[in-house]
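> Kindly generate the corresponding structure for this input.
(one chain, ligands or ions: 1)
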Amino acid sequence: MAKDGITLVIATGNQGKVLEIQSLLKNYPVTLKCLNDFGPIPPVIEDGETFDDNAYKKASFTANILGFPALADDSGLVVEALSGAPGVHSARYGGKGLNDEARCRKLLKEMENIENRKAHFQCVVSIAVPGGPALTYEATCEGLISMEMTGQNGFGYDPVFYYPPLKKSFAQMTLEEKNQISHRGKTLHEIQDEFEKILKWIQQQLPVQEKFDCITD
Ligand code: IMP
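Below is the predicted model of the structure:
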């Protein structure tokens, strides 16, 4: 399909996410750009109280600064027995300087002797236009915090997130398996299903480009 005038910026520095989103939206009439296609822009402070706040903040900040519609996501792990922690602080749980493995170990320590292992991953995607409103998509994936780390794949909390229907941790799944059921996979598939409508919505929000006839000598 031919690409038309709409440019959408994928507002993330994570190249894995960029590739995933590009591959899902490759057949639509939109030019997808990522932050690397532009000069350095100031980082967004992710200090929202919800995933929604942070996703919207990243999408609208990028749209306003670059002047193009932008798509951003925010996600994390919500553990019932820990009152929702690590939640929006998932990436920095336990403080700076910890890597993914150390964060998983900290979580397992916090969960020692806790019977209620219920948890979910949540993902929110916001699509914003410059100076205007935004669309929000979200999905969750329910699971349990395991007693120990298992599996070698994935990233973040994958080794401690057990998904009962497949009897595997996220880190024991292939990327294809995980994308079918994960919070991010489900959100992106919903966006893919609705993308024609989303493009129409973006078109309606953008200022009308007036055409002038130039008279030359
Ligand atoms: P972000 O939305 O990419 O900034 O993700 C925030 C943090 O949530 C990540 O750094 C991970 O610690 C955690 N996280 C989000 N999605 C996943 C996932 O699919 N698996 C494991 N951890 C995740």
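
> Not counting sequence-adjacent ones, nearest residue to the residue in the chain that the ligand sits nearest to?
Relative to the ligand, the nearest point of the chain is Gly156 (2.3 Å; C-beta to the nearest ligand atom). Every residue, glycine included, has its C-beta placed from N, CA and C. The shortest distance from Gly156 to any non-neighbouring residue, by C-beta to C-beta, 6 or more residues apart in numbering, is to Asp100 (5.6 Å).

> which SS class is Val9?
Put simply, Val9 is strand when judged by DSSP: H, G, I helix; E, B strand; the rest coil.

> That one against Leu35, yeah?
Yes: under the criterion of C-beta atoms under 8 Å, Val9 makes contact with Leu35 at 7.1 Å.

> Helices along the protein, start to end?
15-24, 51-66, 100-110, 175-181, 183-193, 195-205 (DSSP state H).

> Tell me which of these sits most buried.
Mean neighbour count (mean count of other C-beta atoms under 10 Å) peaks for helix 51-66 among the helices of the chain, with a mean of 22.

> Now do Gly95 against Ala119, distance only.
According to C-beta to C-beta, to the nearest Å, Gly95 stands 21 Å off from Ala119.

> Neighbour count for these two, which is higher?
Taking other C-beta atoms under 10 Å, Gly95 and Ala119 do not tie; Ala119 has more neighbours (25 against 10).

> OK, contacts around that one?
Residues near Ala119 by C-beta atoms under 8 Å, 6 or more residues apart in numbering: 77-80, 142-145, 161.

> Please list which of these are also close to the ligand.
Contacts with the ligand within these, counted by C-beta under 6 Å from any ligand atom: Leu77.

> hang on, the earlier thing: for my notes, please list the helices of the chain in CSV and give distance to His89 for each entry.
Converted to CSV, those look like this (distance: least, C-beta to C-beta, whole Å):
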stretch, distance to His89
helix 15-24, 19
helix 51-66, 11
helix 100-110, 10
helix 175-181, 23
helix 183-193, 17
helix 195-205, 30
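
> I'd like those written out as JSON lines, with distance to the ligand and mean pLDDT added.
JSON lines is the format used below for these (distance: least, C-beta to the nearest ligand atom, whole Å; pLDDT from 0 to 100):
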{"stretch": "helix 15-24", "distance to the ligand": "7", "mean pLDDT": "86"}
{"stretch": "helix 51-66", "distance to the ligand": "8", "mean pLDDT": "96"}
{"stretch": "helix 100-110", "distance to the ligand": "7", "mean pLDDT": "98"}
{"stretch": "helix 175-181", "distance to the ligand": "7", "mean pLDDT": "92"}
{"stretch": "helix 183-193", "distance to the ligand": "6", "mean pLDDT": "95"}
{"stretch": "helix 195-205", "distance to the ligand": "20", "mean pLDDT": "94"}
